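Undergrad: Okay, here's the prediction I keep looking at, along with the sequence it came from:
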Amino acid sequence: MYAPPRPKPLPALLGLLRAGLRGDGNLLGLLPAAAYRMEIGPLGWSRRQTVVVNRPDLVRHVLLDPEEIFPKSDLMVMALEPLIGDSIFVSSGATWRRQRSMIDPALTMMRVNRAFPAMEAGCEAAEETLARHARDGTRFSLDLMMSHLTADIICRTVFSTSLETRAAHDVFDAFTVFERSVAQVEIRRLIFDKAWTKVPQQQAVLEGCRLIRGHLGELLDSHLAAGASFDDIASNVVAAHDVEGKAFTREELIDQLGVLFLAGHETSASALTWVFFLLATQPEMVARLRAEVGEVAGEEVSFEATKRLVFVRNIFRETLRLYPPITFLPRIAEQATRLGDTAIRRGALIMIAPWVLHRHRKYWRDPEVFDPDRFLAHREAEMTQGAYIPFGIGPRICAGAAFATVEAVLLIARLFRRFDFQVESPESVQPAARLTTRPIEQIMCRVVDRDA
């Protein structure tokens with residue numbers, strides 16, 4: 001049984017010391033060993049109350065938030081504001097409801113059968129790039145490749161155009177700086193700051209945000225130009241109006257489209273980076289995957305075939321369990337309340353952590369083992385309802401879950417059918433949790449083209 005890389009859980013105080021000494025903003029280092037056994041409890045010591053919630057019914061209560069007292073955490077909102085403003089990802093209450101009602105019609109454009117040609121086009125471009133790497137024997141960053149590939153696909157879906165290579169590199173580099181430097185992942189602030197403390201952002205973060213928003217603005221302006229005629233997500237968001245007849249301003253459009261672009265490519269890139277790393281180290285699973293693709297799909301991985309590639313789909317599902325792209329779903333208590341038997345103070349940070357929930361000792365058999373077959377129908381009895389939430393739950397569940405799943409199945413099936421991936425120094429790969437779950441250092445690869 002293969003247990004892929006993870007940080008070793010330590011007692012709370014030692015975990016705090018480790019995270020502080022490393023100073024790399026990796027929130028996984030803060031999680032004590034007890035977090036993987038408790039149903040609800042404190043996350044070590046901090047000035048503000050910080051509570052880890054693992055019990056599925058309590059997780060559901062916080063995320064459904066019927067009383068509207070658990071909005072997105074202040075740390076997350078302030079961290080993301082320079083990048084996506086007060087957009088649908090971080091807004092709450094009436095603002096969120098207005099935005100969601102305006103954007104929902106556009107999200108129908110993400111229906112998978114309609115978006116599938118964009119996925120195929122992106123996959124074909126990736127195959128050409130990988131074939132060149134194989135021919136030239138060059139090494140490349142798996143992280144960057146997946147970021148470019150998923151950005152290309154979401155760009156084709158949202159803006160009806162591919163993402164120019166230089167822009168893709170710019171966005172990847174800027175978002176990497178953003179993740180590593182943004183104030184949400186300054187561990188000392190989690191420990192010592194009061195709730196709602198205003199946090200200044202570093203200049204590098206603000207410059208990265210301006211660069212990303214600049215590229216999104218360029219893509220948007222093609223849709224705002226006089227006489228522009230598109231039938232895509234961006235054009236539908238541009239045309240959206242609220243009940244009072246008001247449309248989004250240009251800055252608001254960049255906010256909203258930025259969420260769709262970043263959520264549609266950064267989270268998928270994170271998950272696929274881990275899928276390709278895991279499979280590159282497990283040749284027996286690759287052989288089984290290729291056998292299924294050959295039997296089910298033949299020469300063409302069609303949209304209909306993706307529905308029948310059960311093993312490939314379960315590889316993706318199991319990777320999302322072990323390496324959920326959104327590691328934490330933090331909320332803040334706007335008023336004093338209770339969760340189960342635990343008193344929650346106003347301003348408390350409520351940590352819903354898919355990373356912890358998906359590895360909880362009570363809810364999973366062999367939780368650290370990479371076992372795609374745990375998602376087979378005959379093993380459903382092993383599953384704890386509500387303990388698997390890679391796309392969230394409730395009204396804020398990821399609208400692109402079906403899109404991401406079909407995209408992943410297509411890319412895994414086609415690229416592993418043709419290429420052997422060879423990871424350099426796989427033993428040194430370790431995960432980090434900042435805004436998404438990424439490797440601490442980029443994973444370097446080479447490929448062999450089996451069709452050459």
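TA: Received, thanks. Residues are numbered from 1 along each chain as shown.
Undergrad: okay, and for the stretch 1-150 of the chain, where does confidence drop off?
TA: Applying pLDDT under 70 to the stretch 1-150 of the chain picks out residues 10-25, 109.
Undergrad: Strands of that one, start to end?
TA: With DSSP state E, counting those that start in this stretch, the ranges of strands along the stretch 1-150 of the chain come out as 40-42, 50-53, 140-141.
Undergrad: Given the longest one, what are its sheet partners and their directions?
TA: Strand 50-53 pairs in its sheet with strand 40-42 (antiparallel), strand 349-352 (parallel), by DSSP bridges.
Undergrad: most tightly surrounded among the ones you listed?
TA: strand 349-352 (a mean of 24; mean count of other Cβ atoms under 10 Å). Using the backbone N, CA and C atoms, a C-beta is placed for each residue, glycine as well.
Undergrad: how far away is Y323 from A399?
TA: Using Cβ to Cβ, to the nearest Å, we find Y323 at a distance of 21 Å from A399.
Undergrad: neighbour count winner among these two?
TA: Neighbours were counted for Y323 and for A399 using other Cβ atoms under 10 Å; Y323 has more, 29 against 19.
Undergrad: helix or strand for C445, which one?
TA: strand 444-449 (DSSP states H and E).
Undergrad: who touches that strand?
TA: Here strand 444-449 makes contact (Cβ atoms under 8 Å, 6 or more residues apart in numbering) with 130-131, 133-135, 137-142, 145, 276, 280, 418-425.
Undergrad: From what I see, E127 and L411 are in contact.
TA: No - applying Cβ atoms under 8 Å as the test, E127 and L411 come out as separate, 10.0 Å apart.
Undergrad: And the two? Which one has more around it.
TA: Legend: neighbour count by other Cβ under 10 Å for E127 and L411, higher for L411 (26 against 17).
Undergrad: can you tell me which residues contact that one?
TA: Going by Cβ under 8 Å, 6+ apart, L411 touches M119, C123, A126, L149, L272.
Undergrad: same thing but 10 Å
TA: 119, 122-123, 126-127, 146, 149-150, 153, 268, 272, 275-276, 301, 312, 316 (Cβ atoms under 10 Å, 6 or more residues apart in numbering).
Undergrad: Next: M110.
TA: M110 makes contacts with I154, T157, V158, I233, L260, G264, A399, G400, A402, F403, A404, as judged by Cβ under 10 Å, 6+ apart.
Undergrad: hey, where'd the strands end up in the stretch 201-350 of the chain?
TA: 329-332, 337-339, 342-344, 349-352.
Undergrad: residues making contact with the third one?
TA: Right, the one you point to is strand 342-344. For strand 342-344, contacts defined as Cβ under 10 Å, 6+ apart pick out 39-42, 49, 51, 53, 58, 62, 69-70, 333, 335-338, 348, 350.
Undergrad: List buried residues within these.
TA: For these, a burial check counting by 16 or more other Cβ atoms under 10 Å picks out 39-40, 42, 49, 51, 53, 58, 62, 69-70, 333, 337, 348, 350.
Undergrad: which one of those residues sits closest to L216?
TA: When the buried ones among the contacts of strand 342-344 are ranked by distance to L216 (Cβ to Cβ), F70 comes first, at 29.6 Å.
Undergrad: and the residue nearest to the closest one when sequence neighbours are not counted, how many neighbours does it have?
TA: With Cβ to Cβ, 6 or more residues apart in numbering as the criterion, F70 has its nearest non-adjacent residue at 4.1 Å, and that residue is R331. By the criterion of other Cβ under 10 Å, R331 has 24 neighbours.
Undergrad: R331 touches E68, doesn't it?
TA: No - using Cβ atoms under 10 Å, R331 is not in contact with E68, being 11.2 Å away.
Undergrad: which residues are common contacts for the two?
TA: Common neighbours of R331 and E68, counting by Cβ under 10 Å, 6+ apart, are S92.
Undergrad: helices and strands around the strand or helix carrying D420, which ones?
TA: For D420, the enclosing helix or strand under DSSP H and E is strand 419-423. For strand 419-423, the packing partners by 3 or more Cβ pairs under 10 Å, 6 or more residues apart in numbering; DSSP states H and E come out as helix 112-136, helix 250-280, helix 283-296, strand 444-449.
Undergrad: repeat that with 6 Å
TA: Applying 3 or more Cβ pairs under 6 Å, 6 or more residues apart in numbering; DSSP states H and E, we find strand 419-423 packed against helix 250-280, strand 444-449.
Undergrad: Give me whichever of those is most buried.
TA: Neighbour counts (mean count of other Cβ under 10 Å) averaged over each of the helices and strands packed on strand 419-423 peak at helix 250-280, with a mean of 23.
Undergrad: now stretch 333-353, how far from the centre of its chain.
TA: Remark: stretch 333-353 is offset 25 Å from the chain centroid, using Cα atoms, centre = their mean, to the nearest Å.
Undergrad: Around the closest residue to A336 other than its chain neighbours, how many other residues sit close by?
TA: Nearest residue to A336 in three dimensions, chain neighbours excluded: R346, at 4.9 Å (Cβ to Cβ, 6+ apart). Per other Cβ under 10 Å, the neighbour tally for R346 reads 14.
Undergrad: how near is R346 to E334?
TA: With distances taken as Cβ to Cβ, R346 is found 7 Å from E334.
Undergrad: And the helices in the stretch 51-200 of the chain?
TA: 56-64, 74-84, 93-107, 112-136, 142-159, 165-181, 187-192 (DSSP state H, counting those that start in this stretch).
Undergrad: right, and the ones you listed - which one's nearest Y363?
TA: Using Cβ to Cβ, the nearest of the helices of the stretch 51-200 of the chain to Y363 is helix 56-64, at 7.7 Å.
Undergrad: OK, contacts around L130?
TA: L130 makes contact with F419, V447 under the criterion Cβ atoms under 6 Å, 6 or more residues apart in numbering.
Undergrad: if I pick the residue most central in space within the chain, what's in contact with it?
TA: Closest to where the C-alpha atoms of the chain average out (Cα atoms, centre = their mean) is T267, at 2.6 Å. T267 makes contact with P325, according to Cβ under 6 Å, 6+ apart.
Undergrad: Put the alpha carbons of stretch 154-171 into CSV.
TA: Written as CSV, here are the backbone C-alpha positions of stretch 154-171 (Å, rounded to 0.1, in the frame of the first residue of the first chain):
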residue,chain,number,x,y,z
ILE,A,154,-10.8,27.8,-18.8
CYS,A,155,-9.7,30.7,-21.0
ARG,A,156,-11.2,29.0,-24.0
THR,A,157,-14.4,28.3,-22.0
VAL,A,158,-14.8,31.8,-20.4
PHE,A,159,-13.3,34.1,-23.0
SER,A,160,-13.5,32.0,-26.3
THR,A,161,-9.7,32.3,-26.8
SER,A,162,-6.6,30.4,-25.7
LEU,A,163,-4.2,32.0,-23.2
GLU,A,164,-1.0,33.3,-24.8
THR,A,165,2.0,31.5,-23.4
ARG,A,166,3.7,34.5,-21.9
ALA,A,167,0.5,35.6,-20.1
ALA,A,168,0.1,32.0,-18.7
HIS,A,169,3.7,32.1,-17.3
ASP,A,170,3.0,35.6,-15.9
VAL,A,171,-0.1,34.5,-14.1
